[in-house]
Structures are given as structure tokens and as C-alpha cells.
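1. Everything below, folded, please.
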Amino acid sequence: MPERHTILPGTRRPLAAGARRVRDIDPNARIEVTINLKAPDLPPTDKMPASSMSVEDFVHKYGVSQENIAKVEEMLRSYGLRVEGVGPTNRSLRVSGSAAAMQSAFQSNMAIYHSAAQGEFRAREGENSVPAELADLVDSVVGLDQRRVAERSAAAHALAPAPLAPAELEKHYNFPVGDCADQKVAIAEFGSPLQSGTFLPPAYFPDDITSFCQSLGRPVPNVATIPVNLAPLTPAQYASAPPQLANDLFEETAEVMMDIEIVASLCSAASISVYYATWDQKGWLDLIERVTGDRPVCLSISYGLAEDSPEWEPTVLQAINRALQAATMVGITVCVSSGDDGTNCDMPDSRAHVEFPGCSPFVLSVGGTMLSDAGDTQKEVVWWESPGRRIGNGHSGATGGGVSGIFARPAWQTVNIASINNPALQGRIVPDVAALAGPPLYQLIFNGQPLPDGGTSASAPLWASLLARLNAALPVNKRQRFLAPLLYQNSAGGGTIGATGCTDIVSGNNTSNPNPGKGYQAQKGYDAVTGWGVPNGEALLTALQ
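-> Next comes the predicted model:
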């Protein structure tokens, strides 16, 4: 067996936040990882193809050769590992084997850790290595560490005397008439990779979808549950969960049902697929690749983590970003919530932060607004409730937004907002657009009972629903396009498509207190709290034609 190993750059991981090592890993435990392969370079943002590709064409041009896949498989087999399959874009491998074999192949310092926030989980410290013969073929090994990197973007439930029903949202945002016939819409959900004693995967209540749509007089759409590497709990399993897990399980499941109910009520004839994956880095990569292979018109994601959180492995952060780019190249618009903690993003320092993947150049980043009483009328403003971040009281939080310190500003983003961390920084600016996140919240039900909810978790599926409406109404040659770059292009009537197709939000900010105690301000035109503004669906449809 080969003995020489090469360290993979960018794979160093510190001790997971708040965690302590409790025991060695069982050498016989079965582990599955995703090996991200070194593949042909994807084009820079100023060289992206003008029209979307088929998945088959993408694989042909950007997939890894069968010869290189065979070389990797042969080497891994010599360590007792097994290749279970090739990823849909031919740029990754699913590999399984014992913990002992994984340790031997990748020189990973794995063990079982415990933290109050996550319970018990498998993690590692230090760097990963690969056999020297694979150094030019393997980019990263994803899945040895199960620490959580998918936090929900959602405000806590609050009293809402008059939450908006789907018909009111359609009217407020001037949705084009339609039922999204023949459209495929994807929704991402993440959960605990194992019974840790602290968390369980979220549940799924199909009866709630039926009851909600029927109560509105709307058809019940076809909703498919797709386990990527995680299956949701059934209602019976939810009901029998240990009492100490009930509160967290309630919150997780309610948020899942919110995503699905928003899309289901606004896209009644669409084919809706809900993908479930673990909340670790492997879950992110596997889910995005699976969705890319299925090629819906859009994917709604209501999760994220500060882009500069030490919980991200730098090389995997970039691998997930490339997976998002692959999705855009086959015509999928990935709608991602910008976060609910303003410029804080749940980080402990005094700097302003943005969340990934909301700050990726290959997503439509969605911020949040609220309706504020102004005399006899309601005015839509930036979502901000004191202290500008979530504190668990049911009426706090603020939209994420700002300037990335990791991802460069894409060539198509022809606007300029100065970073409050470093004015010279030319990073990706987020969000691109916004929609309702705060009061008066969204009309929803959970477990058969009314449960209004919001946050940018709700803004993202609302935009995904609008995109499905738009795609169905556009001419065939204008369908299946990544929306974000189009918003910054000039429209036929003058101005940008974003300015033409959105209603500008000019009041509010997203300052988080006490840290960092500063934020970004809404202004006329594009800004780093609500982007181009909230949708005017009919105007956007016209501008995109």
C-alpha cells in the first residue's frame, strides 16, 4: 500500500466552536464522504455563457474524465474504500468505507466531539492529506467532519394579528397571473446528521400542505420529498420525539413547512421537490449537485452561515461556490436568504459580516422588508426590529446585507457600495432584491394550527415562486436563465431591469447592536439592504422579455 501523503491546501480546521473531544471514533464505523475532484476550470463571471447549458453539455465540457475517475477509484480501493457513485456533474465521487480506512487514506484526525449547541458529532482537527498519487486529482474530501454550517435564516414566531395571505402577497407584489404549470421548483432543507441527543432532523407534514391550500381555495400541488443524505421525520416520529428535543424540533419543522407552504400556495401546478440533506459541508455540496442534475428553474435556500466563520473549511467553501456556479450555468436561479441578524451574522466581533451562500456571485441574494404604519397607509421599509439581530423574543431581527470580504464583485454587478469594514474592498454586494420578512408576517399553518412566520427565510421562497411564474410566462428562448445578472442590465425602456422590475425601498438600515453597531442604509436606487427593492412582478416580466 502507498505510504506517501500530500497535504491538501485549505483544509485546516480548528476545534469546532464550543466543542470538546469525548472519545475516539469507532474504527469500524461506516462513513461516506464526497470527494471533490480537480476538474476543468469554470469560466470567470465576465466570460459566463450567454445562454444556459443542458446538464449533459455541462458534463461533457466541465466534467472530470473517466480516465482520472478510474485512477482515483483504483487508489481508494487499495485503502479498502469503495466508490458508490459519481456526482451528477461528473466533478465529485461518493466514497464509503470504515473509519479506519478513511483515517488511513486521508490522515484525518477524526474523533467524537460534544458541544452544547450540537450534541455529539464526528469532527476532525488539523489538515487533510491524500495519497501523493492523488494530489493532482483531488481537491477536497468532504464529510469527515459533521459540524454544523447551515443555520436557519428565520425570525422567531411572533404575535401577528393580520399576517398576509398568498392572495394578498400576489396583489402586493403584482405577480403575473398563472399557476406555474410545467415548472420545477426545488427547496433545500437541512438537519442533524445523526441522533446527537440534542437535535433530530426536521419533520414533514403533508397534511398541512393539503389543509393550507384547501383553506385558501387553491389546488394542492405535487410535492415530492427527496432525501439526499437525510430523511425527514414522519408526523408519527415527530409526535413521539423525546420531550427535551421538542422545542428545537418544533422550530426546525415549522420553518421547513413555511418554505413549502409559501411555494405550494403560489405555484399550485408546479412540480415541487423538497431536498433534505445534513447540515454539514457534505450536505451543502451533495444537495446542490443533486439539484443541478435535476435542473429545476429555481432552488430556494433559507440557510447560511457567516462567510468568514471558522466553521467553514476554506477549500470546501470554494467547492460549494463552484457547485453553485454549475447550477447557474444550467439555468437554475438559486434564491438564498441574506440572513436575519443584520450585519452581525451571529459573529462575536465588531466587524460587519455577510452570510454564505447568500454572498456567492452565483445566487440571487434575497433581503427582507416589513410594512410600517405611516398614518392611514402602510409603507414598506427595511426589515429592522430592535436590536437588529435575533434575541429569541419573537419580534427582533434585521435583514442581512453588505459587502463580501471573500468573494470578488462579479463583472455583472455594475453598482458600487463601500464596505463599512474596508471602503477599498471590491467584494460581492448583497442582497440583489428583497421581499417581506418582518411584520405583518406570512399566513401559515403548522401541525393543523395557524402559525404566522417570516424572516428572510420567507423572502427566498417568495422570490422562487415568482421566478417560476415568470419562467412559465416568458417566451421559450428567454426561459431557464440565472436572474441575478439580468437585474443589472439595461432594460429596453431605460434604466436597469432591476430598477424597472422592482419597487425601490428607500427607508431603513440593517445595523446590529451592540456589535458591530453599524450597518448599511437604504437609499434611492440600489443599496446593500434591499438591493433593487421588492418585486413588481408584471413590470419585471415585461422587462425580461
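2. going forward, measure contacts and count neighbours with C-alpha atoms only.
-> OK.
3. ok, which stretches of the stretch 301-450 of the chain are helices?
-> 314-329 (DSSP state H, counting those that start in this stretch).
4. List every C-alpha atom in the longest helix seen in the chain, with coordinates, as PDB.
-> When the chain is parsed with DSSP state H, its longest helix is helix 246-266. This file holds the C-alpha atoms of helix 246-266, laid out as PDB (Å, rounded to 0.1, in the frame of the first residue of the first chain):
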ATOM      1  CA  ALA A 246     -39.500  19.100  21.400                       C
ATOM      2  CA  ASN A 247     -38.700  22.900  21.200                       C
ATOM      3  CA  ASP A 248     -35.900  22.700  18.700                       C
ATOM      4  CA  LEU A 249     -37.800  20.200  16.600                       C
ATOM      5  CA  PHE A 250     -40.800  22.400  16.600                       C
ATOM      6  CA  GLU A 251     -38.800  25.400  15.400                       C
ATOM      7  CA  GLU A 252     -37.000  23.400  12.700                       C
ATOM      8  CA  THR A 253     -40.100  21.700  11.400                       C
ATOM      9  CA  ALA A 254     -42.200  24.900  11.400                       C
ATOM     10  CA  GLU A 255     -39.600  26.600   9.300                       C
ATOM     11  CA  VAL A 256     -39.500  23.700   6.800                       C
ATOM     12  CA  MET A 257     -43.300  23.800   6.500                       C
ATOM     13  CA  MET A 258     -43.100  27.600   5.900                       C
ATOM     14  CA  ASP A 259     -40.900  27.200   2.900                       C
ATOM     15  CA  ILE A 260     -43.100  24.600   1.400                       C
ATOM     16  CA  GLU A 261     -46.400  26.300   2.100                       C
ATOM     17  CA  ILE A 262     -45.300  29.600   0.500                       C
ATOM     18  CA  VAL A 263     -44.200  27.800  -2.700                       C
ATOM     19  CA  ALA A 264     -47.200  25.400  -2.700                       C
ATOM     20  CA  SER A 265     -49.700  28.200  -2.400                       C
ATOM     21  CA  LEU A 266     -48.100  30.400  -5.100                       C
END
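5. show me where the stretch 301-450 of the chain has strands.
-> Along the stretch 301-450 of the chain, the segments classed as strands by DSSP state E, counting those that start in this stretch run 303-306, 333-337, 355-356, 364-374, 377-382, 384-385, 397-398, 402-408, 427-430, 433-436, 445-446, 449-450.
6. List the contacts of the last one.
-> This means strand 449-450. Contacting residues not belonging to strand 449-450 are listed as 443, 444 [C-alpha atoms under 8 Å, 6 or more residues apart in numbering].
7. Could you figure out how far the helix or strand just after that strand is turned away from strand 333-337?
-> The helix or strand immediately downstream of strand 449-450 is helix 456-473, counting by DSSP states H and E. Counting by axes from the mean of the first three to the mean of the last three C-alpha atoms, to 10 degrees, helix 456-473 lies at 160 degrees to strand 333-337.
8. So what's the gap between helix 456-473 and the chain middle?
-> 14 Å (C-alpha atoms, centre = their mean, to the nearest Å).
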